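[1] got a structure for you, letters missing:
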C-alpha cells in the first residue's frame, strides 16, 4: 500500500486551486468561469478532507457536505443566469455582456 503524506494532498489541492483561479481570471466564457469556480471549491474540499484525515477528526468531512451543498446551489443559480443571458444577448462571452453599464 502506498503511504501518502499530507503535503501531497495539500500540493494537489494547491495545484487544482491555482488552475481554477487562472481559469477564472483568463477565460471569457461564462460556463468555463463557473467550471473554474467549481474546481476551486473541489480543491478546498480536498484540503479539508486531507486535514481531517491526518488529524483523525470528522470536522473536515462535515464541512465538505456544506461546501458541496453550496456548490450545487451555485451550479443551479449560475446555469439559470447563463441561460437567461443567452436568451437575451445570444452570447455567453463575458466580455460582450455589458448590460449593467447602461
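    Thanks, I have the structure now. Keep in mind it's a predicted model, so treat the numbers as computed, not measured. Numbering: from 1, shown residues only.
[2] Quick test: name the residue nearest the centre of this structure.
    In the chain, the centroid-proximal residue (CA atoms, centre = their mean) is residue 38; its distance is 2.1 Å.
[3] who does the helix or strand hosting that one touch, helix- and strand-wise?
    Residue 38 belongs to helix 30-55 when assigned by DSSP states H and E. Judged by 3 or more CB pairs under 8 Å, 6 or more residues apart in numbering; DSSP states H and E, the packing partners of helix 30-55 are helix 6-26, helix 59-89. C-beta coordinates here come from the backbone N, C-alpha and C atoms, glycine included.
[4] quick one: contacts of the shortest one?
    When contacts are defined by CB atoms under 8 Å, 6 or more residues apart in numbering, helix 6-26 is touched by residues 32-33, 35-40, 42-44, 46-47, 49-51, 54.
[5] So which bits of it are buried?
    Buried residues in helix 6-26, defined by neighbour count with 16 or more other CB atoms under 10 Å: 9, 10, 13, 16, 17, 20, 23, 24.
[6] can I get those in JSON lines with distance to residue 65 and pLDDT?
    JSON lines is the format used below for the buried residues of helix 6-26 (distance: CB to CB, whole Å; pLDDT from 0 to 100):
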{"residue": "9", "distance to residue 65": "19", "pLDDT": "93"}
{"residue": "10", "distance to residue 65": "21", "pLDDT": "94"}
{"residue": "13", "distance to residue 65": "18", "pLDDT": "96"}
{"residue": "16", "distance to residue 65": "19", "pLDDT": "96"}
{"residue": "17", "distance to residue 65": "20", "pLDDT": "97"}
{"residue": "20", "distance to residue 65": "20", "pLDDT": "96"}
{"residue": "23", "distance to residue 65": "25", "pLDDT": "94"}
{"residue": "24", "distance to residue 65": "24", "pLDDT": "93"}
